[in-house]
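**Q** what's the 3D shape of this:
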Amino acid sequence: MGKPNLKNMLLVIIGLMASLIFITKAIVPWMVNPVKEWERKATDRKNKINSLQKTQKTADLYRKRLAKLNTQGFASSQAEASASMGEHITGLIRQSGLSETAFSRRPFEPRAIVKNGPKPVGYTVNGQGSLKKVTDLIYLLQNDPHIHRVENISLSPVSGSTDVRVNFQFLSLVIGTQYGKFTGTNAPPVFPALDSKDRSLYDGITKRALFLPYQKQPPPPLPPPSKPKSKPPSSPPPPGPETYKIVSLSEWQGEQEVMVFDTNKNKTKSYKLGDDLAGGTIVMIDYRQMPFPEKPALLSQSRVILSIEDDFWAIERGNTLADKHKLAPEKLPERLAKREL
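**A** Next comes the predicted model:
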């Protein structure tokens with residue numbers, strides 16, 4: 001047997017290596033890459049399908065909510081809702097003890113919030129009566145169980161009379177049946193009563209003699225002498241911020257006012273711009289419509305804004321001082337945003 005030729009062996013080895021490289025670099029990718037591309041596209045389509053399914057579930061949930069909210073409206077059509085609202089406002093005027101003939105009610109169509117969405121309807125109402133009865137009317141309006149909002153409330157004195165003139169707008173939404181029919185059961189609506197304890201939150205309006213600032217309040221009677229009391233062994237902790245509630249954010253003749261209700265003492269105190277509140281200084285009342293921080297599905301109509309060191313904080317109307325939250329720069333009103341710059 002002859003001795004193997006070294007040159008031929010090297011050529012065979014080189015050929016085998018070249019073939020192996022060609023197979024791994026060209027043949028294998030040619031076969032594997034399409035499979036990987038198909039797998040990637042299949043994964044992308046699966047993710048898109050999952051995203052669409054989640055969006056569909058969210059849309060179905062909102063449709064059910066809107067269908068349920070429709071049962072709290074005045075009617076399912078704009079014409080019927082407008083007529084029903086007018087009758088309802090007249091009923092509240094009578095319930096407050098005011099004269100129906102002393103009030104005018106003019107329907108108007110507010111600007112729609114969402115195109116092709118629920119249709120807003122509203123009434124502009126103005127009239128006059130005693131401050132107590134007008135306050136009763138405001139209480140009934142604010143606590144009405146229908147889908148509604150009360151805007152642009154203003155009070156002014158009537159010359160030569162103890163009555164006051166009130167103007168406001170009463171708005172609601174007509175959702176209709178386009179989002180489906182609610183098939184569940186609703187709890188019966190709870191209509192406010194003038195003898196409710198919540199009515200006492202509005203007493204500050206009638207006790208402050210809004211239109212008689214020149215009349216001095218009589219000095220309080222001197223307390224009767226009392227026997228010295230022994231010091232209790234321990235005193236309860238001071239009330240926390242959760243005991244103070246923002247109940248009213250109003251503006252009268254260009255002057256803004258914050259009404260804070262002390263649930264411990266059952267008293268309401270007034271604050272103005274520049275006053276200290278909740279560890280900061282009141283800088284303005286903001287009437288922009290914004291979502292509640294903890295409940296973004298609900299809209300807050302107003303808030304008091306505080307300046308604390310270099311930041312701005314807000315407390316929504318109806319919340320307590322413990323619900324104070326920091327405002328991001330992009331959520332500041334234009335006037336405060338310019339100060340930040």
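**Q** give me every residue that touches the nearest residue to Arg199 once chain neighbours are set aside.
**A** What sits nearest to Arg199 in space, not counting adjacent residues and going by CB to CB, 6 or more residues apart in numbering, is Tyr139, at 5.5 Å. Just so you know, the C-beta spots here come from the backbone N, C-alpha and C atoms, and that holds for glycine as well. Contacts of Tyr139 were listed using CB atoms under 8 Å, 6 or more residues apart in numbering, and they are Pro192, Leu194, Asp198, Arg199, Tyr202.
**Q** all helices of the chain, in order?
**A** For the chain, helices defined by DSSP state H occupy the ranges 6-22, 28-70, 78-95, 131-142, 203-207, 334-340.
**Q** Alpha carbons of the third one, as PDB, please.
**A** It refers to helix 78-95. What follows is helix 78-95 as a C-alpha-only set of coordinates in PDB (Å, rounded to 0.1, in the frame of the first residue of the first chain):
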ATOM      1  CA  GLN A  78     -82.800  65.500  24.600                       C
ATOM      2  CA  ALA A  79     -86.300  66.800  24.200                       C
ATOM      3  CA  GLU A  80     -87.700  64.600  26.900                       C
ATOM      4  CA  ALA A  81     -84.800  65.200  29.200                       C
ATOM      5  CA  SER A  82     -85.100  69.000  28.800                       C
ATOM      6  CA  ALA A  83     -88.800  68.900  29.700                       C
ATOM      7  CA  SER A  84     -88.300  66.600  32.700                       C
ATOM      8  CA  MET A  85     -85.400  68.800  33.900                       C
ATOM      9  CA  GLY A  86     -87.600  71.900  33.800                       C
ATOM     10  CA  GLU A  87     -90.300  70.200  35.800                       C
ATOM     11  CA  HIS A  88     -87.800  68.900  38.300                       C
ATOM     12  CA  ILE A  89     -86.200  72.400  38.900                       C
ATOM     13  CA  THR A  90     -89.700  73.800  39.400                       C
ATOM     14  CA  GLY A  91     -90.300  71.100  42.000                       C
ATOM     15  CA  LEU A  92     -87.100  71.900  43.900                       C
ATOM     16  CA  ILE A  93     -88.000  75.600  43.900                       C
ATOM     17  CA  ARG A  94     -91.300  74.800  45.500                       C
ATOM     18  CA  GLN A  95     -89.700  72.400  48.000                       C
END
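**Q** which residues touch that helix?
**A** In contact with helix 78-95 (CB under 8 Å, 6+ apart) are residues 73-75, 99-100, 103, 105, 107, 109, 119, 121-123, 125, 127, 136-137, 140-141, 144, 146, 170, 172, 174, 194.
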